[in-house]
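Visitor: just need the structure, nothing else, for what follows:
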Amino acid sequence: MHLAGSSTARGLQPGSRAPLLGTALRPAAAARRCRGSGSLQVQALKIKWNQPADKPSSSKDEEDSKGKAAAEEEPAASKTSKPSEAPKAEAPAAAAAAAAAAPKVAAAKSAQTAEPPGAKLVGNRAAAVPKAVATAKPSSPTGGADANTSLAMPAPMGAEAKLAVAAKISAARMLARKLAEEKQAALAASRLASTKAVDPDSAKQMIQDAEDEVASLAREAAKADSMARAAKAAELGQAQQLELQRLKAENETLQSLLVQLAADREAAESKLAEVKQQYRQVPAEREALSAALDAGGMPAALSEMAAKTTPPPPEAAKPPPPEVAKPQPAKLVQLAEAALRAGQKMFSLPEGGSPCGTTVEVFYDRSKGPLPSTAAVGIKIGFNKWESIETLPMQRCAELAGAAGGADWWQVALPLPELLFKVDFVTEDTKSGAVDNNGGRDFQLKLTGAVTETELMQKRMQLLEAYEAQRMRELRAEEDRIYSDWMKAAEAAAVEARKAYHERRRAQLLEEARAVVAERRGAALEPIATAQQKEGVFAWPQGAPEAGGVGLLAYNKASGVLRPANVVLVHLGYDGWWLKDKRTIAMSPLSDAEVKQYKLPAGHWVGVEIPAWNTAAVLDFVFSDDRRALWDNNGGRDFHTLLKNPASGDKLVQLVYDALDTATSGDTVHQEELAAKRVLDKAHVKASAARQRREMQSRMLYTTPLTPVAGQPVDIFYNPDETALRGRPEVYVAGGFNRWGHASKFGPVQMQSVIAGGIGWLRATVQVPADAHVVDIAFLDSKEIHSGFFDNNKGLDYHIPVKGGTGSMPPLRVVHVAAEMAPIAKMGGLGDVVTALGRAVQDEGHEVEVILPKYDCIDYNQVQNLRMVKDFWTGGVQVKIWKGVVEDLNTTFLEPSNGYFWVGKIYTDIWSDRERFYSWCGNALEYIKHHADARQPDIVHCHDWQSAPCAWLDHGSAKVAFTIHNLNYGADLIGQAMAAAQVATTVSPTYGQEISGHPAIVGHHGKFFGIRNGIDPDIWDPAEDAMLPMGYTADSVVEGKAAAKAELRKRMGLSNADVPVVGCVTRLTHQKGIHLIKHAAWRAMERGAQFVLLGSAPDPKVQAEFNELANDLASQYPDRAKLWFAYDEPLSHLIYAGSDMFLMIAMRYGTVPIVRKTGGLNDTVFDVDDDVERAAEQGLVVNGFSFEGMDAPGMDYALNRALSRYFGEREWWNSLAKSCMQMDWSWTTPALTYLDLYYLALKR
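Guide: Model prediction:
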């Protein structure tokens, strides 16, 4: 079962978003749910329900309707209030309620057009912009050195607000249920009238009574909605306007329900009129009319399902309530006669009130109501204003048989719970469905020992709060345990990584040693002339030393130019001065006795013991004086002596290896530590990201255990109040396993309330198969998979990883077809995304390949193992296939012989490039389908206009994902790709909203998702950045940035004053807001800061403008501003690290960002003053300064605040810099969202 992709019921397209409560709440769907939780009044709340929460309505009709509804609901309060004082948000529901009670439908339809000002629905929230794009926005991991620290969450509401919101949700549930009951009553009454079972006027009265009750309930729901909004506004202030708009939008739901009700009522009345004129005619006509009524009401199958609905099982087994002693028959007769005289259709025992927590007897006189004489009477009881319902059959009362007045008394024993404030009931004919609801007022039992409605709600809210507190404690403890286990496994993996690096390094050094031996023992030594001595010049009196040994070298300084030297130095090397490895040793005069002993000729001899290298074959040496002014180098040929027993073969290799190992031991240890650190850092990021996703998701969904175990049951907990199923009477869970690929499926399973009354969490238990690795979940409000409404996480479904599953899930094979790839072919962000996203998805265990054109401008030294493997012909063009590895990604380069990519650069002009890349897309798809050495891909991921044609050309069995990086170019090609692709993305949720109205995007919102880009922490790591003067982490950010700032100032010629450095690294294009960059430079000067810029402009006019700016700044502020117009990778790193604030990867280096609220910047930078709540909603913290608009005052607003905080609050600033470094903007979380989209594409 694929709820996200297979349901086409009621116009829902595969993968469509789950609709809002009531946005399409159809009668047939509501009719199946007759046991929803009812409304709980909140009269005890000390909040005026007509307190304005928004601007008053400008519609006179709405004002009149509000006034009428208010007068009916609270006369005392409303009589003193003018209609214009009532909140606009109430108007739709209140006006619709009045229209439902009125005979004309037109008024209700008119009221339906009212909308909250400025509010449109986006997903299941309200926003001030039109719904445009499904922003699959993984909550990005929070910062913090300690992953066990709980994520920031929005501040909880106060008690009054919670009560008001709970009452509002209950009111919506009750209204949905009542509408369903009214439908059934109208249908049953019409059928009875058509068959003469009851008089048509009585049937009409049944319909009227039910409608009147629903209208009353709608007014109460509107009141609850208004109270909820007022409570939240008083509690949280204007910062919560989105939530208030959502409540307001849900109030519109109540309106739409009643408009539907009013329309159906008119249709029912019309059909009843026909019945009154025609019911005496032939039976066939009556049957046809009944069938037409069925078609206009609800399907018979749904009606039967509703009739078969049974109440949920009790929460726990409890002893039955004590029964009340039955009176004597004579007493029953007296009570029945008293009821008859009073004109009542019912009475109950015991007299004087029904004690809560006991079993009472209820008696009903069928003859005084609308139920037919053939009725099988049953009773439907609603506890606490219909929040829970129980249906029981009634029995004819034998003691009252033949009672006076032709009464037909039925009775039932009714157990009452202890916590009650109200009991309502209606009687029904269980055969026809006809209902007696006491003229629309329902019947009520008078209770004794009851609590008040507010007391009951408060008790339940206390239970819910206690449950929430305990739940959060358990979740945090479990999260801590999961993180600890994860990091323990990572520590073991780090040890293995250290060992793996050591083995790789050992193999590398051995290979180098073999190469050294081959070179040193080969042709390099052949031309060297060696000698054991040179008569009268040098000698080895004790013989030449052995390799690795020591020998005495004697030199006669009187033999040459060193005769006047006071001190003689010998300079030594080996094997033809190999690697320039030299030693210098001072020689000492030999005594006459030593000269005689060694039989040296007459002269002035000096000597010294020489240690020989153990890997050497030949010893090289020359002599000089101590000033190194006079040299004896054997006439330019140097002196060379062959050592005894030089090492060779494996022995020499080992000796060279040992030497290399010793020489590089420090670097080897560092690299081993770095390998281990990267494993731990990556594990920390992934564990933190997984925790953050679970904690954000736990607001509406979590499981116990938190990570399900294969082969064991798992409890699924769901809070519909936080989702599109908010207010639905019943909720079911359905799902599967292994991304819906497992044979086992479950559900729909009805979920049961954790807290009585339907408040908060629901629960269901499912069994996890032994070979499961993922639980796939969706929620719906019906047992029928293909009807009703559902929450499928905006089409992505919910997925919970499982541990301990047998076997493995097959990995996805993803092929990126792109024009750029960092670092080898990069002109912008596209290349960074292709590489980093590919690496992140590969790290999740999937197969990734990148296909690029084989440009002639690529630095192929950065491609490992590059080789041509084969070629193929397509369209008369030979295409060579080259393979290599770039940043650990398998990369294929396609080289067509037509010379399209032998032009010395990546891009030329747009029209030539369209032809070049269109042809290359055909080459790429031909390679994928027929010439790749791997299986066919599951996903072909194409990027921007350059590879857009891959989406609509023949790509075989693969599904297509398409990413928009820049909509400014090739919009027509992008539009075609949007239409053809199964899923499409862009580089951030905000950018997705910004371009959602573009013609290329409009019409494809159901497949369009905004996912923020990440950065690659292996590439951008200040702790290991060789381009910085010193590495640093969040804990050493102050010292590290100070060193980087000093080096940056030195290189850029800036003074060392204690002022902030504002940095900017960018392409100078109008799209980047170059006028704001200029303004920022001057503003930084005015505020006493320094400004550095690295960038260049492709447009000569723009470059000329910045050249002029550079000259002006240099003349006025020579030691405070520097602009550098050339690409310089080391300088960019230095600016990232040395700047204090950045006009935006720099956060990774502890640099505080200053950005405009646009695109991905808005999704990664949260203003320290304005975005506290927005950051908390995503589990993040504030991290920078931002502004809106494209004008100078906006830039000033952000930059001035940043500079003021730097100058005035340096300790706070350093803390902010540390926080920036600790935030995780890696690709870990976005990659998981891309994987969800890949799997979604496979279902389409």
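Visitor: okay, CA-based contacts and neighbour counts for the rest of this
Guide: Will do.
Visitor: put the alpha carbons of stretch 1077-1084 into PDB.
Guide: Output of stretch 1077-1084 as PDB, limited to C-alpha atoms (Å, rounded to 0.1, in the frame of the first residue of the first chain):
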ATOM      1  CA  ILE A1077      28.100  45.500  -1.600                       C
ATOM      2  CA  LYS A1078      29.300  49.000  -2.500                       C
ATOM      3  CA  HIS A1079      27.100  50.500   0.200                       C
ATOM      4  CA  ALA A1080      28.400  48.000   2.800                       C
ATOM      5  CA  ALA A1081      31.900  49.000   2.000                       C
ATOM      6  CA  TRP A1082      31.300  52.700   2.600                       C
ATOM      7  CA  ARG A1083      29.200  52.000   5.600                       C
ATOM      8  CA  ALA A1084      32.000  49.900   7.100                       C
END
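Visitor: how far off centre is that stretch?
Guide: Taking Cα atoms, centre = their mean, to the nearest Å, one finds the center of stretch 1077-1084 at 35 Å from the center of the full chain.
Visitor: other residues contacting that stretch?
Guide: Outside stretch 1077-1084, the residues within contact range by Cα atoms under 8 Å, 6 or more residues apart in numbering are Val1062, Gln1090, Phe1091, Leu1109, Leu1143, Ala1192, Met1195, Asp1196, Leu1199.
Visitor: by neighbour count, which of those residues wins?
Guide: Within those, Val1062 tops the neighbour count with 29 neighbours, counted by other Cα atoms under 10 Å.
Visitor: check contacts around it.
Guide: Ala1084, Ala1089, Gln1090, Phe1091, Val1092, Ser1139, Asp1140, Met1141, Phe1142, Leu1143.
Visitor: and the next element down the chain from the helix or strand harbouring Asp776?
Guide: Element membership for Asp776, per DSSP states H and E: strand 774-780. Sequence-wise, the next helix or strand downstream of strand 774-780 (DSSP H and E) is strand 790-791.
Visitor: sheet partners, orientation included, of that following strand?
Guide: strand 774-780 (antiparallel) (DSSP bridges).
Visitor: distance between the strand it pairs with and the chain's centre?
Guide: The answer for strand 774-780 is 17 Å, by Cα atoms, centre = their mean.
Visitor: just the CA trace of that strand, in CSV.
Guide: Below are the C-alpha coordinates for strand 774-780, written out as CSV (Å, rounded to 0.1, in the frame of the first residue of the first chain):
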residue,chain,number,x,y,z
VAL,A,774,12.7,0.7,7.7
VAL,A,775,9.1,1.2,8.8
ASP,A,776,7.0,3.2,6.3
ILE,A,777,4.1,5.0,7.8
ALA,A,778,1.1,7.1,6.7
PHE,A,779,-2.0,8.2,8.6
LEU,A,780,-5.5,8.5,7.4
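Visitor: same question for it, mean pLDDT?
Guide: Averaged over strand 774-780, pLDDT sits at 94.
Visitor: contacting residues around the strand holding Asp776?
Guide: Residues contacting strand 774-780 (Cα under 8 Å, 6+ apart): 3-4, 725, 731-740, 748, 768, 788-793, 797-802.
Visitor: for the stretch 901-1050 of the chain, what spans make up the strands?
Guide: 939-943, 959-964, 983-986, 1008-1010 (DSSP state E, counting those that start in this stretch).
Visitor: now mean neighbour count too, for those, in a markdown table please.
Guide: What follows is the strands of the stretch 901-1050 of the chain, written out as a markdown table (neighbours: other Cα atoms under 10 Å):
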| stretch | mean neighbour count |
| --- | --- |
| strand 939-943 | 27 |
| strand 959-964 | 26 |
| strand 983-986 | 27 |
| strand 1008-1010 | 26 |
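Visitor: and Ile379, which of those is closest to it?
Guide: When these are compared by Cα to Cα, strand 1008-1010 sits nearest Ile379, at 50.6 Å.
Visitor: from the contact counts, what lies against that closest one?
Guide: strand 983-986, helix 989-994 (3 or more Cα pairs under 8 Å, 6 or more residues apart in numbering; DSSP states H and E).
Visitor: mean pLDDT for these: which is lowest?
Guide: helix 989-994 (a mean of 87).
Visitor: quick one, domains of the protein?
Guide: Under the assignment automatic domain parsing, the domains of the chain span 1-18+700-798, 59-126+161-300, 329-451, 538-647, 813-1010, 1034-1225.
Visitor: gap between the two ends of the third one?
Guide: I take that to be domain 329-451. 33 Å (Cα to Cα, to the nearest Å).
Visitor: related to what we said a few turns ago, which one of the domains of the chain lies nearest to His502?
Guide: domain 813-1010 (19.2 Å).
Visitor: if we can go back for a sec, in JSON lines, list the domains of the chain along with distance to Gly807.
Guide: Below are the domains of the chain laid out as JSON lines (distance: least, Cα to Cα, whole Å):
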{"stretch": "domain 1-18+700-798", "distance to Gly807": "6"}
{"stretch": "domain 59-126+161-300", "distance to Gly807": "37"}
{"stretch": "domain 329-451", "distance to Gly807": "45"}
{"stretch": "domain 538-647", "distance to Gly807": "53"}
{"stretch": "domain 813-1010", "distance to Gly807": "14"}
{"stretch": "domain 1034-1225", "distance to Gly807": "32"}
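Visitor: looking at these, which is closest to Asp1025?
Guide: Comparing the domains of the chain by Cα to Cα, domain 1034-1225 comes nearest, at 8.2 Å.
Visitor: so how far is the closest one off the chain centroid?
Guide: Centroid separation between domain 1034-1225 and its chain, computed with Cα atoms, centre = their mean, is 28 Å.
Visitor: need the phi and psi values for Asp909.
Guide: Main-chain dihedrals, Asp909, degrees, to the nearest 10: phi -110, psi 160.
Visitor: can you give me the distance of the closest residue to Ala1097 other than its chain neighbours to Met1221?
Guide: If the residues on either side of it in the chain are set aside, Ala1097 comes closest to Leu1068, at 4.6 Å by Cα to Cα, 6 or more residues apart in numbering. Distance, Leu1068 to Met1221, using Cα to Cα: 27 Å.
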